[in-house]
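> my questions concern the predicted model and sequence given below.
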Amino acid sequence: MFNLILFGPPGSGKGTQSEKLIAKYHLKHLSTGDLLRSEINSKTPLGLEAKSLMDKGYLVPDEVVIGMISSALDTNLQAKGFLFDGFPRTSTQAEALDKLLALKKTSIAVMLALEVSEEELVKRLLKRGETSGRSDDNNDSVIRERITEYNKKTTPVADHYKELEKVIMINGEGSVDEIFSALCMEIDNRMKAD
Ligand code: B4P
C-alpha cells in the first residue's frame, strides 16, 4: 500500500491536485471536506452540526472526522493506497490515523505540503466563492478564521510527520500543471524507494 497525505492551508490546492493525482496513481481519495459536504447535502444530523461549524470557519470535532475516516478505510480494504486530503488537521487526528493504519499493517509513506502565501489563499477562496455556492468561501472574515484555525491547530500535524522524516515541502504557487509535476516527481521518487 502507498499512503500519501496532501497537506496545506485552505485554498492551497489540495482538492485541485488530488483529482489529478488519483487519476494518475489510482489511489483511493479520502477528503474529509468532501465527506462532510456530502453529509450536509443529505441533511443528516452530523451534516447539520458540521455546517454550523464550517460556516464559521471552525474545524469539525475530531471524533466526527476520525469516525468517518475509520469507516472509509474499512470499506476500501482492496485499495492499493490512500490519498488523504484535508486530513489529518489536528495532532489528535494524526495520532488516530497512524493507529488506524498500523492496525491494517501499513503507514503513511509521505506528506506533501503545499506552501502558499496568505494573500494568495484569500484571493483564491474568494474567487471560488463567486461560483462554488460554498458559504465558507464567500466571506473574507470566515476565510481568515479558517487560516487562523490552520495556523493554530493544523500546522503541528506537519511537525509530527517531520519528526518521522516524512514531510516534503512543495511550492504551491504557480500553474496547476507545474505544481502537479512537482508533486509527481516526489511521489515517483518515494515509490521507487519503497
Ligand atoms: P476542505 O474541503 O478540506 O477544503 P479547503 O481547505 O477549503 O481547500 P482545498 O485546499 O481543498 O481547496 P483548493 O485549494 O483545491 O475544508 C473545508 C472545511 O471542512 C474546513 O474549513 C473545516 O471546517 C472542515 N473540515 C474538513 N476536514 C476536516 C478535518 N479533518 N477536521 C476538522 N474539520 C474539517 O481550491 C481552492 C481554490 O483555489 C479553487 O478555486 C481552485 O480552483 C484554486 N486553485 C487551486 N490551485 C490553484 C493554482 N495553482 N493557482 C490558482 N488557483 C488555484
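Happy to help now that I have it.
> not counting its neighbours along the chain, what's nearest the residue of the chain found nearest the ligand?
For the chain, the residue closest to the ligand is G33, as judged by CB to the nearest ligand atom, at 1.8 Å. For every residue, glycine as well, the C-beta is placed using N, CA and C. In space, and not counting its chain neighbours, G33 is closest to G86: 4.6 Å by CB to CB, 6 or more residues apart in numbering.
> which residues does the one you found contact?
Under the criterion of CB atoms under 8 Å, 6 or more residues apart in numbering, the neighbours of G86 are K14, G15, S31, T32, G33.
> from those residues, which land in helices?
Among the contacts of G86, the members found in helices (DSSP state H) are K14, G15, T32, G33.
> got those residues as a markdown table, with pLDDT, distance to G133 and neighbour count columns?
Output for those, formatted as a markdown table (pLDDT from 0 to 100; distance: CB to CB, whole Å; neighbours: other CB atoms under 10 Å):
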| residue | pLDDT | distance to G133 | neighbour count |
| --- | --- | --- | --- |
| K14 | 97 | 19 | 23 |
| G15 | 96 | 15 | 16 |
| T32 | 97 | 19 | 23 |
| G33 | 95 | 14 | 19 |
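> which ones are touching G172?
By CB under 8 Å, 6+ apart, the residues touching G172 are G8, S12, G13, L114, E115, V116, I179.
> no, scratch that, I was asking about P9
P9 touches L114, V116, E118, L121, I147, Y150, N151, T154, counting by CB under 8 Å, 6+ apart.
> widest-spaced pair of those?
Spatial extent of those (CB to CB) is set by the pair L114 and N151 at 14.8 Å.
> for those two, work out which one has more neighbours and name it.
Neighbours were counted for L114 and for N151 using other CB atoms under 10 Å; L114 has more, 22 against 11.
> what pairs with that one across the strands?
Under DSSP bridges, the beta-bridge partners of L114 are I170.
> can you verify my assumption that it contacts G15?
No. The pair L114 / G15 is not scored as a contact, 11.1 Å apart, by CB atoms under 8 Å.
> mean confidence score for the longest helix anywhere in the chain?
Of all the segments of type helix in the chain, defined by DSSP H, the longest one is helix 176-193. Regarding helix 176-193, the rounded mean pLDDT is 96.
> quick check, it touching the ligand?
Yes. Under the criterion of CB under 6 Å from any ligand atom, helix 176-193 makes contact with the ligand via V176, I179.
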